[in-house]
Structures are given as C-alpha cells and as structure tokens.
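Asks: using only what follows, build the 3D model:
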Amino acid sequence: MATTRTATTQWKGNLINGSGTVSLDTSGVGTFEVSWPSRSQEANGKTSPEELIAAAHSSCFSMALSHGLAGAGTPPESLETSADVTFQPGEGITGIVLTVKGRVPGISAEQFAEAAETAKANCPVSKALTGTMITLDAELL
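Replies: Numbering: from 1, shown residues only. All right, here's what the predicted structure looks like:
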C-alpha cells in the first residue's frame, strides 16, 4: 500500500530578506523556521531544505541497512548514521556524505561495508537523489 507524506511551507517576502515556516503536516511533530541566511550561512536556530534532506536520507539509509542486515541473518544491535548535505549558493546541492557506524555481531568489516553500499544504492531517498554525488563511509564498531 502506498503512503503519502505532506509538509507545507509558508513563505513571506523575497528570497534574501524573506522567511518562512515549514510544517511536518502528516506527523504533526513540528513547524520549523526557514530563511535564506539559515540555508546559505549559519543556521541560527532555523532549518533548511538541505537539513531536511539530510534527516530524510540518514533515516532512510539506516532503515534500508537495518533491513538488509537482518535479511542476511545479522541484524544490527545499533546503527548511527549522519548525512552531510553540502549546498553551494548559485550551484545547489553539490554532494552528500553518509557516515554510518554500526554494531553488528557476526559480520566482518568488509561485509558491513558491502551491506552499507547496497543500502546506499537502494534506499528510496538515495534513488530520489540520483543527480547528486553520494559518498559513504561505513565503520563497523
């Protein structure tokens, strides 16, 4: 069964001096301020499209990796994934670095790295971002 998730942004003003809020409508977990300075300079307590993409990518990747490891008979004890999304004004998103550290009993570092590469290639957010260079650093703890 397909699901649809919704977020809504209310924006006022021009790009440079304007600002807005983005609400996570489906979950209702919050509304967050956004602005050009929070995107192109310091966050200063506001979010950005790139931070929201980083959140989506790190969580999607973790789910895909967990599923793949469990399917191979080596479910993880824990995974910690960060996604660093780089934004260059005038160019856009120039790259994403996924960094994962995992505790997975019964698996070698090579097997973990292979499972992580498979998850990177197959998680739905990675697939949606195919126009962006995505690199991976996987470490078995």
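Asks: quick one: contacts of the helix or strand in which residue 68 is found?
Replies: Assignment of secondary structure by DSSP states H and E places residue 68 within helix 49-71. For helix 49-71, the surrounding residues in contact (Cβ atoms under 8 Å, 6 or more residues apart in numbering) are 7, 22, 34, 39, 43, 75-76, 79, 81-87, 93, 96, 98, 100, 102, 104, 107, 115-116, 118-120, 122-126, 129. To be clear about C-beta, it is placed using only N, CA and C from the backbone, and glycine gets the same treatment.
Asks: from the contact counts, what lies against the helix or strand just after it?
Replies: Towards the C-terminus, the helix or strand next in line after helix 49-71, according to DSSP H and E, is strand 78-88. In terms of contacts (3 or more Cβ pairs under 8 Å, 6 or more residues apart in numbering; DSSP states H and E), strand 78-88 is packed against helix 49-71, strand 92-103.
Asks: in strand 78-88, what's buried?
Replies: The neighbour-count criterion (16 or more other Cβ atoms under 10 Å) identifies 79, 81, 83, 85, 87 as the buried residues of strand 78-88.
Asks: and if you look at stretch 25-37?
Replies: When burial is assessed from 16+ other Cβ under 10 Å, stretch 25-37 yields the following buried residues: 32, 34-36.
Asks: just the ones of these in helices?
Replies: Using DSSP state H, the members of the buried residues of stretch 25-37 that fall within helices are residue 36.
Asks: one step back: buried set for the helix holding residue 68?
Replies: Neighbour counts using 16+ other Cβ under 10 Å place 50-54, 56-58, 60-66, 68-69 of helix 49-71 among the buried residues.
Asks: CA atoms only: put it into PDB for me.
Replies: What follows is the C-alpha trace of helix 49-71 in PDB, where atoms were taken according to Å, rounded to 0.1, in the frame of the first residue of the first chain:
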ATOM      1  CA  PRO A  49      15.900  22.300   2.800                       C
ATOM      2  CA  GLU A  50      19.300  20.600   2.900                       C
ATOM      3  CA  GLU A  51      19.000  19.800   6.600                       C
ATOM      4  CA  LEU A  52      15.600  18.300   6.000                       C
ATOM      5  CA  ILE A  53      17.100  16.200   3.100                       C
ATOM      6  CA  ALA A  54      19.900  15.100   5.500                       C
ATOM      7  CA  ALA A  55      17.300  14.000   8.000                       C
ATOM      8  CA  ALA A  56      15.400  12.100   5.400                       C
ATOM      9  CA  HIS A  57      18.500  10.500   3.900                       C
ATOM     10  CA  SER A  58      20.100   9.400   7.200                       C
ATOM     11  CA  SER A  59      16.900   7.800   8.400                       C
ATOM     12  CA  CYS A  60      16.000   6.100   5.100                       C
ATOM     13  CA  PHE A  61      19.500   4.700   4.700                       C
ATOM     14  CA  SER A  62      19.500   3.400   8.300                       C
ATOM     15  CA  MET A  63      16.200   1.600   7.700                       C
ATOM     16  CA  ALA A  64      17.500   0.100   4.400                       C
ATOM     17  CA  LEU A  65      20.800  -1.000   6.000                       C
ATOM     18  CA  SER A  66      19.000  -2.500   9.000                       C
ATOM     19  CA  HIS A  67      16.600  -4.400   6.700                       C
ATOM     20  CA  GLY A  68      19.400  -5.700   4.600                       C
ATOM     21  CA  LEU A  69      21.500  -6.900   7.500                       C
ATOM     22  CA  ALA A  70      18.500  -8.600   9.200                       C
ATOM     23  CA  GLY A  71      17.700 -10.300   5.900                       C
END
